[in-house]
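Return atomic coordinates for the entry below.
(chains A, B, C and D)
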Protein chains: 2
Amino acid sequence: MAFTRVQHVRAYQRVVQQIEEAILSAELAPGSHLPSERELVEQFGVSRATVREALRVLESAGLISSRPGDPNGATVLALSSTNLARSMTIIARRERLELIDLLQFRMFIEGNVCELAACVRTDEQLLAIRQASERMRAAMSEGFEAFGEADLAFHMSIAAATDNPLLQACDEVVLGLVRSMVSEKLAAAPDTVAQMKESLARHEMVLDAIEKGDAARAANLARLHQIDYYGSFIAQEVQFRLERLCNLP
Amino acid sequence: MAFTRVQHVRAYQRVVQQIEEAILSAELAPGSHLPSERELVEQFGVSRATVREALRVLESAGLISSRPGDPNGATVLALSSTNLARSMTIIARRERLELIDLLQFRMFIEGNVCELAACVRTDEQLLAIRQASERMRAAMSEGFEAFGEADLAFHMSIAAATDNPLLQACDEVVLGLVRSMVSEKLAAAPDTVAQMKESLARHEMVLDAIEKGDAARAANLARLHQIDYYGSFIAQEVQFRLERLCNLP
DNA sequence: TTTAATTTGTTCGTATGTATG
DNA sequence: TCATACATACGAACAAATTAA
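This next block holds a predicted model:
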């Protein structure tokens, strides 16, 4: 018989585990409140510093939010993709991710989203996508900023039609990453009306494929769109490498 | 002229930002050490508790690791996918993710990985994949546990061949999620030799497609493999829904 | 509007167990 | 073995912020 070394679990970690489990199991719903720090001190039998370390960790994980003087205690937050974005940003920066790697990844995710949406979308979801498309057309005359927002809403409406939260979250995060990575170039050369028109036309082709349930075509169009849209920002050689992934039948 | 409300940035957050920036910019390399807490207290001009809250957050983000009594101070960790896994687990649990959603997502990611690997893999990477495949064959006689490990290594060797850290990390994380979600069922019905043989055969087909650079076939084989492998764990109706995403030309 | 009570943000001092030379 | 420096954890205290009487 050999005993195994007991691993040191710090006090704040046990506090984190219990609260986190309560939130993840929906025992604590979004919008509800945790007890005050001093009450938590009593309930967990630890010092306030320990409780606060635990709350900081939970806060950095995007699970709760606390503000000074709030008599209600920390608020349980609704799920958001901020923590996923943080994780991916860390990977991107530490691996010194090139733009091509990010665009590659976005091409894949976006293709997957459109493919799945074409397969499983309901009529209501299709309507929402169509409305988002029409909103884009209207936003063209309002400048490239409004157009960009409408574009974002269009992509989100397609992602919502997949009914897959994980895919949806990834799509949202990666879109944000790409935008932040090309934002300086985009600001230097904002969309012209001609470019917006072309972009809109491509979006409508994707919409058409989704409507007809042509998953393969929707996926390929989505991939091609990435190259057309970001093509001006990337080197010719990089463009060629991306085009290899657009295997239209 | 209207002033905007200054947002309260807490002391520990400024500490986090500075240290995080130093790590992400590679100014602090993995394996190097942070100053001791007491030194950080002096450098940042804050109290010990504040420094510790910051260190806890950085630790929960998987960037550093500290242990009691270490005269070197906290260690800067190498990048790992644990934080990404944590983020995705939170999404999965809070959205009450169904197995089908997870399998769908894995099918997509795995398909993307094989597709890209078939496009860009080097000869060295192909050799590594082949060796992993041969390792699987050898592990068949060592039981399903050894086979499972060899299987994992095979998938990771393909992911490495994509040279895309983001895709690689996602693949690793999602594979882990699926495994943990079906682990109880898997333990109840471990792989038989016949199942392992069949699995190996399918892996070799993927390897062949990657070797020949047939990206579309590699992707479709990878997707089909998911259904064949996890098919027994999921309802017939779910299986049909997954099969719609396997559009072999 | 002002005041009082409560809560979080932050600091300091101290005791304890741990790792290194 | 001992001394030193370290992280862990606790408790008390004050400032700043919020809420409600």
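
Dihedrals phi and psi, the nearest residue to A:T82 once chain neighbours are set aside?
Closest residue in space to A:T82, ignoring its immediate chain neighbours: A:G62 at 5.1 Å, by CB to CB, 6 or more residues apart in numbering or on different chains. C-beta: built from backbone N, CA, C; applies to glycine. Torsion angles at A:G62 (phi, psi; degrees, to the nearest 10) stand at phi 80, psi 20.

Can you name the residues that contact A:G62?
Counting by CB atoms under 8 Å, 6 or more residues apart in numbering or on different chains, A:G62 touches A:L77, A:S80, A:T82, A:N83, B:I90.

show me where chain A has helices.
Per DSSP state H, chain A carries helices over the ranges A:11-24, A:37-44, A:48-60, A:82-94, A:99-120, A:123-139, A:144-161, A:165-188, A:193-212, A:215-230, A:236-243.

what's the longest one packed up against?
Okay, so that is helix A:165-188. Contacts defined by 3 or more CB pairs under 8 Å, 6 or more residues apart in numbering or on different chains; DSSP states H and E place helix A:165-188 against helix A:82-94, helix A:99-120, helix A:144-161, helix B:82-94, helix B:99-120.

Let's see that with 6 Å instead.
Applying 3 or more CB pairs under 6 Å, 6 or more residues apart in numbering or on different chains; DSSP states H and E, we find helix A:165-188 packed against helix A:82-94, helix A:99-120.

Pick the most deeply packed of the ones you listed.
helix A:99-120 (a mean of 24; mean count of other CB atoms under 10 Å in any protein chain shown).

Check whether that helix comes near chain B.
Yes. Using CB under 6 Å from any CB of the partner chain, helix A:99-120 reaches chain B at A:D101, A:Q104, A:F105, A:F108, A:N112, A:C119.

Just give the nearest non-adjacent residue to the fifth one, would you?
Just to be clear, that refers to A:N112. Per CB to CB, 6+ apart, closest to A:N112 is B:F108, 4.1 Å.

same thing with the first one?
With CB to CB, 6+ apart as the measure, B:N164 is the residue that lies nearest to A:D101, at 4.9 Å, once sequence neighbours are left out.

quick one: low-confidence ranges for chain A?
Along chain A, segments meeting pLDDT under 70 span A:1-6, A:190-191, A:237-239, A:241-242, A:245, A:247-249.

now do 90
A:1-9, A:67-71, A:98-100, A:140-148, A:181-196, A:198, A:226-249 (pLDDT under 90).

Close to chain B: what parts of it are there?
So far as CB under 6 Å from any CB goes, chain A lies against chain B at A:24, A:49, A:53, A:56-57, A:60, A:79, A:83-84, A:87, A:91, A:93-95, A:101, A:104-105, A:108, A:112, A:119, A:164-167, A:169, A:216, A:244, A:247.

circling back to that earlier point, closest to DNA strand C out of the contacts of A:G62?
Set against DNA strand C, the nearest of these by CB to the nearest atom of the strand is A:L77 (14.2 Å).

Quick check: that closest one vs chain B, distance?
10 Å (CB to the nearest CB, to the nearest Å).

From A:L58, how far out is A:T75?
11 Å (CB to CB, to the nearest Å).

Neighbour count for those two, which is higher?
A:L58 (23 against 16; other CB atoms under 10 Å in any protein chain shown).

Quick one: residues contacting the more buried one.
A:I19, A:I64 (CB atoms under 6 Å, 6 or more residues apart in numbering or on different chains).

Which residues of chain A lie near DNA strand D?
A:10-12, A:41, A:45-50, A:67-71 (CB under 7 Å from any atom of the strand).

With respect to chain B, which of these is nearest?
Using CB to the nearest CB, A:A49 comes nearest to chain B of the residues of chain A next to DNA strand D, at 5.4 Å.

Not counting its neighbours along the chain, what's nearest the closest one?
B:A49 (5.4 Å).

check contacts around the residue of chain A found nearest DNA strand D.
With CB to the nearest atom of the strand as the measure, A:G69 is the residue of chain A nearest to DNA strand D, at 2.6 Å. Not one residue lies near A:G69 by CB under 6 Å, 6+ apart.

quick one: the closest residue to A:E115 other than its chain neighbours from A:I158, how far?
Nearest residue to A:E115 in three dimensions, chain neighbours excluded: A:A219, at 3.9 Å (CB to CB, 6+ apart). The gap separating A:A219 from A:I158 is 12 Å, by CB to CB.

and if you look at A:T50?
Taken as CB to CB, the span from A:T50 to A:I158 is 45 Å.

And these two? Which one has more around it.
Taking other CB under 10 Å, A:T50 and A:I158 do not tie; A:I158 has more neighbours (29 against 21).

Quick one: residues contacting the more buried one.
Contact analysis of A:I158 by CB under 6 Å, 6+ apart lists A:V113, A:A117, A:I129.

Please list all residues in contact with the first one.
Under the criterion of CB under 6 Å, 6+ apart, the contact list for A:V113 reads A:I158, A:A159, A:T162, A:L167, A:D171.

how many other residues sit next to the last one?
It stands for A:D171. Count around A:D171 with other CB under 10 Å applied: 24.

didn't it look like it was pressed against A:A160?
No. Counting by CB atoms under 6 Å, A:D171 stays clear of A:A160, with 9.8 Å between them.

which neighbours do those two share?
By CB under 6 Å, 6+ apart, no residue touches both A:D171 and A:A160.
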